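J.: using only what follows, build the 3D model:
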Amino acid sequence: MPWKECNHMDERLRFVARLLDGEKMAVMCREFGISRKTGYKIFNRYKDTGIQGLEDRARSPYRHPNKTPFQVEKAILKIKREHKTWGAPKIRDKLIKEFPVIQPPAPSTIHAILDRHGLVKRRKRRRHKAQGTSLSIALSPNALWCTDYKGQFLLGNKQYCYPLTITDQRSRYLLACESLESTKESGAFPVFERVFKEFGLPAAIRSDNGVPFSSPHALFGLSRLSVWWLRLGIGIERIKPGNPQENGRHERMHLTLKNEATKPPSYNFLQQQARFDDFIEGYNNDRPHQALEGRYPAEVYTPSAREYFHPEPPEYPFHDRTIRVTQCGRICIGSRKVNFSTVFAGQYVGIREIADEIWLVSFMDYDLGFFDQTENRVEPVGVNHFAPKVLPMSSE
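T.: The predicted structure is shown next:
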């Protein structure tokens, strides 16, 4: 089968596994329909970074180093299936006996591998269902807001302008169009807070996977901004990378904005913002929309009944303790410091021992990762609650 027809993670795994079993590179390359140069490239990626190196390069992994080699992970799963009652520490001891020459993974890493393959049983506990994460098409105002930066452009004074826009998906109402100097989160926070105070809170917000909505190298791609949304009870939707059409209504508004309010660009930020403000007024109150049966967005939109608030720290009654994450993104237990994620700086998380010397870290209703007694880092759980989804498009 030609490689271009089966360019998937599982095919790369089979290719590497058979090389590790002693089969010849030339024979394997002919069977898989690839050049020897490509074969060695795949094999060298595996040797350099482990199983993570076999994933598509477009992905941004949470952590690059210390990945578990494919054969070790395979051995872990084999031991677990042979000894179903064994936990991570005992499996680790067995690995040391069977593979004395390798560096054994930490118990939390082993537990994360078992969790990823559905081999960990969690105690049932009452949980509130996450709101908004599966929402795709808004049936009423404020069920879903959409946000993005319209592509940057150069002002007359040679400074770049990055317009941050927010719309209500159901009514097409343009809630904000703010000219900013960059896409840094420090500029986005005040815009969203102002909009929340003026219009209330939505059930969910849809964005792409760029900053500041997502942080590509953080735990599950979360950012400080998206963590703040979760604290406010706002669900997160992310479009599939490279598919802006999944935010189609918002993108169409951007096209209109570009044609009517940026050509030619104004001289400075104040002048450009004045044009954006005029555009918002006309777009909402003087521009009929065919999808709204000729009505203006302002005739359809109503502010949210959910008022903006400053959330109280979350409580974790089913956990062993509640800990505030330090500003450098660590979980401190006595003199011990466990690396977690800076996007949770200042937030409260719940810690619960779920196996011998294996602790689970939870944020609100989400179980995020594990740590153990030996390694001072949190390994992510197998299920990404905030993974990008392919969202169905409504007819326009």
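J.: give the contact list for the closest residue to residue 106 other than its chain neighbours.
T.: Closest residue in space to residue 106, ignoring its immediate chain neighbours: residue 375 at 3.7 Å, by Cβ to Cβ, 6 or more residues apart in numbering. For the C-beta atoms, the positions are set from N, CA and C on the backbone; glycine is no exception. If a contact means Cβ atoms under 8 Å, 6 or more residues apart in numbering, then residue 375 has 106-109 as its contacts.
J.: quick one, longest helix in the protein?
T.: As assigned by DSSP state H, the longest helix anywhere in the chain is helix 269-285.
J.: tell me the mean pLDDT over that one?
T.: Helix 269-285 shows a mean pLDDT of 95.
J.: for that helix, buried residues please.
T.: Of the residues in helix 269-285, 269, 272-273, 275-276, 279-280, 283-284 count as buried by neighbour count, 16 or more other Cβ atoms under 10 Å.
J.: save the residues you listed as a markdown table, and put in distance to residue 221 too.
T.: Shown next, in a markdown table, are the buried residues of helix 269-285 (distance: Cβ to Cβ, whole Å):
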| residue | distance to residue 221 |
| --- | --- |
| 269 | 30 |
| 272 | 31 |
| 273 | 31 |
| 275 | 34 |
| 276 | 29 |
| 279 | 32 |
| 280 | 30 |
| 283 | 31 |
| 284 | 32 |
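J.: out of those residues, the closest to residue 340 would be?
T.: Nearest to residue 340 among the buried residues of helix 269-285, counting by Cβ to Cβ, is residue 269 at 37.0 Å.
J.: pretty sure that closest one sits against residue 163.
T.: No: Residue 269 is beyond contact range of residue 163, at 10.5 Å (criterion: Cβ atoms under 8 Å).
J.: hey, what's in contact with both of the two?
T.: By Cβ under 8 Å, 6+ apart, residue 269 and residue 163 have these common neighbours: residue 179.
J.: next SSE after the longest helix of the chain?
T.: Going down the chain from helix 269-285, the next helix or strand is helix 297-300, by DSSP states H and E.
J.: I'd like the mean pLDDT over that following helix, please.
T.: Mean per-residue pLDDT for helix 297-300: 95.
J.: list the helices and strands that helix packs on?
T.: Counting contacts by 3 or more Cβ pairs under 8 Å, 6 or more residues apart in numbering; DSSP states H and E, helix 297-300 packs against helix 269-285.
J.: now do the SS call for residue 183.
T.: The three-state label given to residue 183 by DSSP: H, G, I helix; E, B strand; the rest coil is coil.
J.: okay then, goodbye and thanks.
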